[in-house]
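1. sequence and predicted structure, then a few things I'm wondering about:
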Amino acid sequence: MALEAAVVEELRRIVGRESVIDSANDLRIFERDASIEGAIPDAVVLAASTEEVARVIKVAAKHRIPVVPRGAGTGLSGGAVTIRGGIALQVTRMRRILEIDTVAQTAVVEPGVVNQELSLVAASHGLFYAPDPSSQKACTIGGNAAENSGGPHCLYYGVTTNHVLGMEVVLADGSVHWVSGDAPDRIGLDLCGVLVGSEGTLCAITKIKVRLLRIPPSVATLLAAFPTIETASHAVSAIIARGIVPAALEMMDHMTVGAVEAHYHAGYPTDAGAVLLVEVDGIAESTRELMGAIREVLEENEGYALREAQTPAERDLLWAGRKGAIGALGRIKPNYYLHDGVVPRSRLPQVLSAVGEIGEHYKLPVANVFHAGDGNLHPNILFDLRDRDVLQQVEGAGEEMLRAVVELGGALSGEHGIGLEKSAFMPWVYSPDDLDAMQRVKRVLDVDGILNPGKIFPDPTREQVHLAGRTGLAIEAKWW
Amino acid sequence: MSKPFDLLSDDDLSTCVHCGLCLDACPTFRVTGLETESPRGRLYLMTQWKRGTLAFEEEQVRHIDLCLGCRTCEAVCPSGVPYGRIIEAGRAEVERLRRPSPKRILSKVALRQLLAHPTRLRAAGAAARAAQALRLTSVVRSGRQLPKLRPQFHRPVGDVAAAIGPRKHRVAFLVGCVMPILYPQSHQAAVKLLQLAGCEVWFPPGERCCGALFAHNGDLDTAERLRDANTSTYLAGNFEALVVDSAGCGAHLKDFYPELEGKVKDITEWLAEIGLPEPKKEVKLRVTYQDACHLAHAQRIRKPPRDLIRSLPGVELIEMRHPEICCGAAGLYSTLEPQMSNRILQEKLDDLSATRADVVVSANPGCQMQLEAGLRSRGSKMTVEHITELLASAY
């Protein structure tokens, strides 16, 4: 449903004529993020400042138009998809790093700053921003804060919420607030803790104050091959059981390694059943010692072809392979559906075999590439949307995999957020009372429900229990 | 008549998994923040056109026009989307379907009438040089863009330049269309370096424009005609490598000339492979290196030029924060899309000035011209050189 002309005019007066897109054809291009969800917004509005964000939200509140904040659109759970239409509020032009305090080791950034850009700039002061989602060369800090994103190095360093000190936010009535700030202990009610990870349902984020860390003097990165994904899983448990918490501990299965190697030529062993990428950092003496202990554990657990990166370039290449893995799977099939359930580490072998069986049952290839150290799975179901009726199969397989995760004592999401894709499954892990408590917070902050409606909580009005086929992806459906 | 969008391959398009990792590598996304001006958005648009799920309208052609064709996205794409091939096909389709605009017709005619005809181009170059001497060129924008023109590059008598010292290799050298007019000094330096490295250099007679600028602007027919003519010219000679000192031409020859497969070498790639003799002079300069898009992204050559620069005694190489991002030149783009080109250029100039380098070095005439014009407009003292000039200054 298009916005009324008067509303579009009002928006244009705030952000400028060029910064409101309402042409039906152009809006089609904004219908998706990196998930398989899709829905066409009624308008895209590009804001350039906090003031503009606040004024746009005021207009939306007045007319009760949904507002969905959007960064680079690299999210994997449909968080940026305008499922109820309305305004996609794009913050990608707000990409200034406002301040880097090298003594306090903090930075204040606008929400459109790209994750990797912050670390690139901080590096000239010997600092870095720790949360490193695999999409870090494109995803924004605003999006990371909204989704409470993780990344390979979050095993040791913690996820986004552990690195956000404070935020400037715009609430659903258009009012602007700072939550938390400089103190390491968040004084009073920890509102910042509530808002980080609220997936755009409670506020739009306009500034973020983050912690920066000193770049460790020494880093060691090791690649190890394993005959099977099970043996690699046992090695993961054995490392942690030895009392070692590496900076990162990542696993890729045979299929993923093949796809990654085809693009990056990083020397991943394509014959292996699975590989582990292990990194430790700190002072040189400690990384040497830890790496020695890790090598021992890996070899005891059938690890072979151990290879330590000899140069920073080699290390970067290994990481480029890991971080580009999901995109690289496009070499096998043009579409992927990716879950990110988490299980207790000790359950990895069971859950991985369940994932494998489900894939076989549905006759769908499944590639695993994930944060093994914290039990955060990433099974990628690979498919081609041009195949008739494949979507129902994919959704069915995905749902069963999440079921297996929950039955093994796990959680629905490690870092991608609930968004649209998993909202229907929330009752699996939360009681009606739990969900009600959360929804009461939502209602207090957003009385009319204009901020990213239709996300996180099960939507009783939705016809189909889950996913796609309804909206944006009509593009492929019509093709066949 | 073929169906609309026949040239676009659905298999090529479907390699895009919509992950978005390309977005911040795209210069037009970086300055606009818009999905429609990103590689992922453009691919989604072309996919919808191809599959008939979105009607073709002029309004969206804008997004295709605004693509620089820098292919940075292609280099960062883990899924291996052949973006360069897709955008060339997309542009050719768009040219068939769109309403003709005077500016585009003019540039197409100018391209066909000038670039494809070496003698006319040389005459035009001579005229421009005369105009420059009379200070006539500063009245139009494209005139102001021109570098200070010097006497044109001439191929040696007999079309061969002998190796200095023992002959170790025989190479062909691409003289090309605009390089000998705009940057004869780069060619001279390139040939000198090749000779120093023991190459006998052959200048294929009768060679014409490689066709890159045609292919990039949706005129695949002319590009094919030029290719066929050139291929028979090259194949008539004997050479180990066809050496190219213009990244845009090199990339096009590698992608579009199947019969030359494996033989086309960028000058930096070739020199790094065969080695140069020990430098004779110290070059005391702070240098920064701008990756030419068609070298770094289309040909994936980033290390050899840097290694060559670092090998010069006295040179300090200081990297920009984003040396891999386009400067906004992109062939005819700076003429066809001056506003966007300038927005991108301004970001590049900020990045450049932060290095406080004396010289910025690149390996493509388009980048040189754009950076020179930009630095001039800011009154900067930084100079621009082709990498061959910097290298040759050590001998």
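-> Ah, there it is.
2. next, count neighbours for the closest residue in space to residue B:324 that isn't next to it in sequence.
-> Once flanking residues are discounted, residue B:324 sits nearest to residue B:291: 4.8 Å by Cβ to Cβ, 6 or more residues apart in numbering or on different chains. (C-beta placed from N, C-alpha, C; glycine too.) Residue B:291 has 27 neighbours, counted by other Cβ atoms under 10 Å in any protein chain shown.
3. what's near enough to touch residue B:291?
-> For residue B:291, the contacting residues are B:297, B:302, B:323-324, B:362, by Cβ atoms under 8 Å, 6 or more residues apart in numbering or on different chains.
4. in the chain, which residue is most central in space?
-> I'll assume chain A. What sits nearest the mean C-alpha location of chain A, by Cα atoms, centre = their mean, is residue A:416, with 3.7 Å.
5. if you could check chain B rather than the one you did, that'd help
-> Central residue of chain B (Cα atoms, centre = their mean): residue B:248, at 2.8 Å.
6. in the one helix or strand residue B:224 maps to, what's buried?
-> Taking DSSP states H and E as the criterion, residue B:224 maps to helix B:220-235. By neighbour count with 16 or more other Cβ atoms under 10 Å in any protein chain shown, helix B:220-235 contains the buried residues B:220, B:222-223, B:225-227, B:230, B:234.
7. and for residue A:365, the neighbour number?
-> 16.
8. roughly how far apart are the closest residue to it other than its chain neighbours and residue A:336?
-> Nearest in space to residue A:365, with sequence neighbours left out and distances taken as Cβ to Cβ, 6+ apart, is residue A:382 at 4.6 Å. Counting by Cβ to Cβ, to the nearest Å, the gap from residue A:382 to residue A:336 is 6 Å.
9. contacting residues for the nearest residue to residue B:280 once chain neighbours are set aside?
-> The shortest distance from residue B:280 to any residue other than its chain neighbours is 5.2 Å, reached at residue B:395 (Cβ to Cβ, 6+ apart). Residue B:395 makes contacts with B:192-193, B:196, B:277, B:279-281, as judged by Cβ under 8 Å, 6+ apart.
10. want to try a markdown table for these, with pLDDT, secondary structure and neighbour count as columns?
-> Listed next are the contacts of residue B:395 as a markdown table, based on pLDDT from 0 to 100; DSSP: H, G, I helix; E, B strand; the rest coil; neighbours: other Cβ atoms under 10 Å in any protein chain shown:
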| residue | pLDDT | secondary structure | neighbour count |
| --- | --- | --- | --- |
| B:192 | 97 | helix | 18 |
| B:193 | 98 | helix | 26 |
| B:196 | 97 | helix | 18 |
| B:277 | 96 | coil | 12 |
| B:279 | 95 | coil | 16 |
| B:280 | 94 | coil | 9 |
| B:281 | 94 | coil | 11 |
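11. tell me the one of the residues you listed nearest residue B:57?
-> Nearest to residue B:57, judged by Cβ to Cβ, of the contacts of residue B:395 is residue B:193 at 50.3 Å.
12. doesn't residue B:267 make contact with that closest one?
-> Yes: the pair residue B:193 and residue B:267 passes the contact test of Cβ atoms under 8 Å, sitting 7.3 Å apart.
13. overlap in contacts, the two.
-> residue B:388.
14. run through the residues that contact the nearest residue to residue A:86 once chain neighbours are set aside.
-> If the residues on either side of it in the chain are set aside, residue A:86 comes closest to residue A:66, at 3.0 Å by Cβ to Cβ, 6+ apart. For residue A:66, the contacting residues are A:60, A:82, A:84-87, A:450-453, by Cβ under 8 Å, 6+ apart.
15. which stretches of the stretch 151-300 of chain B form strands?
-> Taking DSSP state E, counting those that start in this stretch as the criterion, the stretch 151-300 of chain B contains strands spanning B:160-161, B:169-173, B:199-202, B:241-244, B:264-266, B:285-289.
16. and the third one, how far out from the chain's middle?
-> For strand B:199-202, the separation from the chain centroid amounts to 23 Å (computed by Cα atoms, centre = their mean, to the nearest Å).
17. what strands line up against it, and which way round?
-> Paired neighbours of strand B:199-202 in the sheet (DSSP bridges): strand B:160-161 (antiparallel), strand B:169-173 (parallel).
18. and the pLDDT for the residue nearest to residue B:89 when sequence neighbours are not counted?
-> Spatial nearest neighbour of residue B:89, chain neighbours left out: residue B:7 (4.1 Å); criterion: Cβ to Cβ, 6+ apart. You'll see residue B:7 listed with a pLDDT of 91.
19. the residue in the stretch 251-395 of chain B that chain A sits nearest to: neighbouring residues, count only.
-> Among the residues of the stretch 251-395 of chain B, residue B:321 lies closest to chain A, at 6.4 Å counting by Cβ to the nearest Cβ. Residues near residue B:321, counting by other Cβ under 10 Å, number 15.
20. how far away is the residue nearest to residue B:280 from residue B:183?
-> 19 Å.
21. before we move on, what about residue B:320?
-> In terms of Cβ to Cβ, residue B:320 sits 22 Å off from residue B:183.
22. before we move on, what about residue B:280?
-> 24 Å.
23. what does residue B:170 give?
-> 25 Å.
24. who has more neighbours, the two?
-> Each of residue B:170 and residue B:183 has its neighbours counted (other Cβ under 10 Å); residue B:183 has more, 27 against 16.
25. so what's that one closest to, chain neighbours aside?
-> Nearest non-adjacent residue to residue B:183 (Cβ to Cβ, 6+ apart): residue B:365, at 5.2 Å.
26. that neighbour against residue B:250, yeah?
-> No: the pair residue B:365 / residue B:250 is not scored as a contact, 11.9 Å apart, by Cβ under 8 Å.
27. which residues in the stretch 351-480 of chain A form strands?
-> Going by DSSP E, counting those that start in this stretch, the stretch 351-480 of chain A shows strands at A:366-370, A:379-383.
28. in JSON lines, list the ones you listed along with mean neighbour count and mean pLDDT.
-> Listed next are the strands of the stretch 351-480 of chain A as JSON lines, based on neighbours: other Cβ atoms under 10 Å in any protein chain shown; pLDDT from 0 to 100:
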{"stretch": "strand A:366-370", "mean neighbour count": "26", "mean pLDDT": "94"}
{"stretch": "strand A:379-383", "mean neighbour count": "25", "mean pLDDT": "94"}
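29. care to break chain A down by domain?
-> A:97-214, A:218-328 (automatic domain parsing).
30. what kind of secondary structure is the residue nearest to residue A:213 when sequence neighbours are not counted in?
-> With Cβ to Cβ, 6+ apart as the criterion, residue A:213 has its nearest non-adjacent residue at 5.5 Å, and that residue is residue A:130. Counting by DSSP: H, G, I helix; E, B strand; the rest coil, the backbone at residue A:130 sits in coil.
31. pretty sure residue A:130 sits against residue A:216.
-> No: Residue A:130 is beyond contact range of residue A:216, at 10.5 Å (criterion: Cβ under 8 Å).
32. what residue spans form the domains of chain B?
-> If you go by automatic domain parsing, chain B breaks into B:10-97, B:285-392.
33. need the contact list for residue B:50.
-> So residue B:50 contacts B:5, B:8, B:10, B:13 (Cβ under 8 Å, 6+ apart).
34. which one is the third one nearest to, not counting chain neighbours?
-> Just to be clear, that refers to residue B:10. Closest to residue B:10 by Cβ to Cβ, 6+ apart is residue B:50, at 6.0 Å.
35. show me what stretch A:397-408 is in contact with.
-> Against stretch A:397-408 from outside (Cβ under 8 Å, 6+ apart): A:337, A:339, A:341-344, A:347, A:350-351, A:354-355, A:358-359, A:361-362, A:364, A:366, A:377, A:379, A:381, A:411-412, A:422, A:425, A:428-429, A:466-467.
36. which among those count as buried?
-> A:337, A:339, A:341-343, A:347, A:351, A:354-355, A:358-359, A:362, A:364, A:366, A:377, A:379, A:381, A:411-412, A:422, A:425, A:429, A:466-467.
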